[in-house]
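S.K.: Below are the sequence and a predicted model for it; my questions follow.
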Amino acid sequence: IRLSLHPKDIYDTSTFQLGATFRVDRCSLFLFQQSLDVSDSYFECVAEYKTAGCEPLLNQKVDLSDKSLFMKILETDEPVILHYKDLESSSPHFSVLQHFGIKTLFGIRTSHQGNHNGLLLMQHCNQCYDWPEEKKKMLKEVVHQVGTALYHSMLLKNLKE
């Protein structure tokens, strides 16, 4: 992940390696695009790994005002895991998982020194999956490295401009 400081390389390597390694149906990296007016801030899917049959999310933008799932993930450095079968149909997360055909979602924010800069979403679309503690811990460590690499790549990009 940190072999290159080119943002696109970090995005693509992160999603492909994590998606393939953890055998998920889709692994998406969303970057936080902050605006001076918080209501104009959003997340954009900048890279994804997906298996056949999964709806693509690449280049989709998610407005923060109407996506409580993303806000829930942003609130903590801990992974947020949702199982479609465990959600009530009235839950705001139910419709998101249903729309994208997600059975299990593993979401975690990427950050550098406590400041979030993105979200990594790993999804199982064909089956529910109970994430073992050792995989959660490993992913948390890897995502920390992704967040730091994202920060450094953006810092370098801004210096060049």
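M.R.: Yep, it's here. Residues are numbered from 1 along each chain as shown.
S.K.: Can you give the distance of the longest helix anywhere in the chain from its chain's centre?
M.R.: Assignment by DSSP state H gives helix 133-160 as the longest helix of the chain. Taking CA atoms, centre = their mean, to the nearest Å, the mean C-alpha location of helix 133-160 is offset from the chain mean by 12 Å.
S.K.: average pLDDT across that helix?
M.R.: Mean per-residue pLDDT for helix 133-160: 89.
S.K.: Need the per-residue pLDDT for residue 4.
M.R.: Looking at residue 4, its pLDDT reads 62.
S.K.: heads up, I number from 478, so please use that
M.R.: Sure thing, new numbering starts at 478, so read that last one as residue 481.
S.K.: on that earlier part again, pull out the buried residues from the longest helix of the chain.
M.R.: For helix 610-637, a neighbour-count test (16 or more other CB atoms under 10 Å) marks 612, 616, 619, 620, 623, 624, 625, 626, 627, 628, 630, 631 as buried. Just so you know, the C-beta spots here come from the backbone N, C-alpha and C atoms, and that holds for glycine as well.
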